[in-house]
Each structure stands twice: as structure tokens, then as C-alpha cells.
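Chemist: Build me a model from this:
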Amino acid sequence: MKLLVKIAVLCAFISLLGFPAKVIAEPLKIVPKEEIKVYAFKKVLETWGSKQWDPFDRIISKESINWTVTDYHYPESKKSSAYGLCGTLIKTHKIDVDGFDVYAQVDWCINYIYERYETPQKAWQFHIKNNWF
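Modeler: This next block holds a predicted model:
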């Protein structure tokens, strides 16, 4: 609750500086990890079937510190643009993070794995060998 109060105060301060209302109008949406995983499980099931859930879960767990990092992974001073659950390199893949919510991150990751590796199992094997995927 304290976080929401801080955000409200910050938004009020920003509005005093004359920033457009759009900047402060959108509420912060925090999606519980369990809800994200349920969505991801359904998408993995639709795309590959249940046998691919474990390797998909391992990839996301590794890339996002157990499904918790849903924004930038590193400070701006670091050269990596890794972002979100899948560690998406937003500069490489030219992704605008506005609207790149956790559901879009899951969808993007599934599409990326499908196009590059075919299955999460193959992506995980590559990840084990190279420490990235």
C-alpha cells in the first residue's frame, strides 16, 4: 500500500510540473506471478502441448529471476537492453516497451522460441550450452 501512496504523490508532483495527463492517468497494473504463469501455461499448451511446459518454465525462471522481472533487467549504464520475462533484447528486436505488458511478453517469448528453436526443449538445451537463448 505504501508503494501506491508514493506513486500517487509522484504523479501529483509530475502533474504540477506540467506533464501531459496521459503520463499519470494510467494506473499501475501489478499482475501476480501465479496469474502470469497460468496465462503462459495455457499459451504453451496451445502451442506445443503440456510436455513443453517444464523447459519453458525453466527458461522464464532463469531469464526473469523466477518470473519476477517484468521490466528492464539492468540499469541504463549497462549495455544490455534485456527486458521482461524473456530477457527480450528490446533494442535488437526493436520493441517499444509501451504496451509490452506481461501478457505481451509471454506471447512474444512463445513466438520467439517457436520461430528460432521450434520448442522450449530445444531452446532450453541451447540455453544450457550457451547461457543465453
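Chemist: where does this structure dip in pLDDT?
Modeler: Applying pLDDT under 70 to the chain flags the ranges 1-29, 75-78.
Chemist: Tell me which residues touch the residue most central in space within it, please.
Modeler: When CA atoms, centre = their mean is applied to the chain, the residue found nearest the centroid is Gly84 (2.7 Å). Taking CB atoms under 8 Å, 6 or more residues apart in numbering, we find Gly84 in contact with 64, 69-71, 100, 102, 105. C-betas here are computed from N, CA, C, even on glycine.
Chemist: just checking, which of those belong to helices?
Modeler: 102, 105 (DSSP state H).
Chemist: Adding distance to Arg116, write the contacts of Gly84 out as CSV.
Modeler: What follows is the contacts of Gly84, written out as CSV (distance: CB to CB, whole Å):
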residue, distance to Arg116
Ser64, 18
Val69, 21
Thr70, 22
Asp71, 23
Phe100, 19
Val102, 21
Gln105, 16
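Chemist: Buried among the contacts of Gly84? Need that as a selection in ChimeraX.
Modeler: The ChimeraX selection below is limited to those of the contacts of Gly84 classed as buried (16 or more other CB atoms under 10 Å):
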select :64,69,70,100,102,105
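Chemist: of the contacts of Gly84, closest to Glu118?
Modeler: Among the contacts of Gly84, Gln105 lies closest to Glu118 (CB to CB), at 20.2 Å.
Chemist: I'd assumed Cys86 was in contact with that closest one.
Modeler: Yes. Checked against CB atoms under 8 Å, the pair Gln105 and Cys86 is within contact range at 6.0 Å.
Chemist: For the protein, just list every one of the helices.
Modeler: 2-16, 21-25, 33-47, 53-63, 102-116, 120-130.
Chemist: what angle do the third one and helix 120-130 make?
Modeler: Between helix 33-47 and helix 120-130, the angle formed by their directions is 110 degrees, by axes from the mean of the first three to the mean of the last three CA atoms, to 10 degrees.
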